[in-house]
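> how does the following fold in three dimensions:
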Amino acid sequence: MRALELSRAVVAPPPPAVDGTDRTRIRHRLVEGVTREVERLPGGEHLVITLPMFRRALARPDLVLGPGDPFAWQPKFVRRSLGLAVVEACAEGRFRSPAEAARPIAGEAVEEWGRTGWKALYWEPWFAGLEPAARAVVLAEAVSWATALWTSFDWDLLGDRLRLGGPDDQWVIPGPRTVRLKGRRELQVPTVPPGADGSRPEPGPLALVSVSAGTPTPTWSEELAFLAVVALRSDSRALPARVAGLWPDAGTHRIVEIDQPALERTVDRLLAVVATLVDARVSGLAAR
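Modelled structure (predicted):
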C-alpha cells in the first residue's frame, strides 16, 4: 500500500508552474550572489557543487574541504550504478526481483567490457578482478540498494515513460571563477496533468526521485529542491514539478513541490553553501 501511495503522490497532477518573471528573477539573484561570493577566490579557481556537497556544507561546514583519502574502488561506489541497471532490468520484466537480477547484470557488464573494452559502468575491470567472496559483497550492496528503490513504487502506476539514472543535470555559472552545479537523480517520471474530457492526457512536467543514505536532515526540502534549481539555467528548460527523496536506511521518504517559495528558500541555502565553500577554500590557500 505504501508503494502505491508514494507512486500516486509522485505522478499526481503538477502544481501551478512558476511564473516566467519570477523564474528569471530568481535565476538572476542566484547568479549575481554566486558571482559576488566567488570574487574572493584567486582567478582560475572553480567550485563544483553536487547534492552531497550541498548537504554536507549545510550540516557539517567544517568538513566540506577536509583532506580526503585517495580514490579506491569500494562496494559502496558500485551499488548505485549496478543497482540502477538491476532495477531497470526488473522494470523491463527480465527479472522478478533485484536479488535475481544482480549477478547476471554484473556478469553482462563485465562480459561487454571484456569484448569491447568499453567501461559503460566504469567499475567493470575492478569487479572482474575480485575474488568470489569480494564479488558477493559488491552484489549484496547493490541488491540492498536496488531492492529499496524497487519496492518503494508501484511500477505499473509510474507508466512506461519513466527514466532511470541518466547523466547528471549541470549548470555552469560562467566567469573567471566558474561554479558548476550538478544534479543527480535516480528516477524521472512524467506527472499526470488533470484531463478535461476524461481521455488519457499527455505526460506533464517531470517528477524526480533522489535516493540518499542516512536520515532526512532539517534542510531536506532545500536539498531536494537543489535538483530543481539546476534546471533554472535556461528559461527554455522545464522545471520539475516535484522532487521525492527516499532514505532507505531510515525507511522514509519526503516530497517537495517545486514552487516559487521552494526555489527562493533553496537559492538562499545555496548562496550560504557557496559562501561556506569559498571561506574554506580561501583558508586552505592561505595555510599553504
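> what about the stretch 1-150 of the chain, any weak spots by pLDDT?
Counting by pLDDT under 70, the ranges of the stretch 1-150 of the chain that qualify are 1, 62-69.
> helices of that one, start to end?
Ranges of helices in the stretch 1-150 of the chain, per DSSP state H, counting those that start in this stretch, are 2-11, 20-38, 51-59, 79-91, 98-116, 124-128, 132-150.
> I'd like these as TSV, with mean neighbour count and distance to Ala241 appended.
C-beta here means a position set from N, CA and C on the backbone, and glycine is covered the same way. TSV is the format used below for the helices of the stretch 1-150 of the chain (neighbours: other CB atoms under 10 Å; distance: least, CB to CB, whole Å):
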stretch	mean neighbour count	distance to Ala241
helix 2-11	16	9
helix 20-38	16	14
helix 51-59	19	18
helix 79-91	22	21
helix 98-116	17	28
helix 124-128	17	36
helix 132-150	18	20
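> among those, which is nearest Asp268?
When the helices of the stretch 1-150 of the chain are compared by CB to CB, helix 20-38 sits nearest Asp268, at 9.1 Å.
> other SSEs contacting that closest one?
Contact here means 3 or more CB pairs under 8 Å, 6 or more residues apart in numbering; DSSP states H and E; on that basis helix 20-38 packs against strand 169-173, helix 260-287.
> name the residues of the last one that are buried.
By neighbour count on 16 or more other CB atoms under 10 Å, the buried set for helix 260-287 is 262-263, 266-267, 269-278, 280-281.
> any idea where the strands of the stretch 151-288 of the chain begin and end?
With strands called from DSSP state E, counting those that start in this stretch, the stretch 151-288 of the chain shows them at 163-164, 169-173, 179-183, 187-190, 206-211, 242-247, 252-257.
> run me through the strand neighbours of the first one, direction for each.
Meaning strand 163-164. Strand pairing for strand 163-164, determined by DSSP bridges: strand 187-190 (antiparallel).
> could you dump the strand it pairs with to PDB, C-alpha only?
Only the C-alpha atoms of strand 187-190 are listed here, as PDB (Å, rounded to 0.1, in the frame of the first residue of the first chain):
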ATOM      1  CA  LEU A 187      14.400   8.400 -11.500                       C
ATOM      2  CA  GLN A 188      12.400  10.800 -13.700                       C
ATOM      3  CA  VAL A 189       8.700  10.200 -14.100                       C
ATOM      4  CA  PRO A 190       6.200  12.300 -16.000                       C
END
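> need the helices and strands packed on helix 20-38 in a markdown table with mean pLDDT and distance to Trp123, can you?
Formatted as a markdown table, these follow (pLDDT from 0 to 100; distance: least, CB to CB, whole Å):
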| stretch | mean pLDDT | distance to Trp123 |
| --- | --- | --- |
| strand 169-173 | 93 | 22 |
| helix 260-287 | 88 | 29 |
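> what would these look like in a markdown table with distance to Glu124?
A markdown table is the format used below for the helices and strands packed on helix 20-38 (distance: least, CB to CB, whole Å):
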| stretch | distance to Glu124 |
| --- | --- |
| strand 169-173 | 25 |
| helix 260-287 | 33 |
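> need the contact list for Pro190.
The neighbours of Pro190, taking CB atoms under 8 Å, 6 or more residues apart in numbering as the test, are Val11, Gly159, Arg161, Leu162, Pro203, Gly204, Pro205, Leu206, Ala207.
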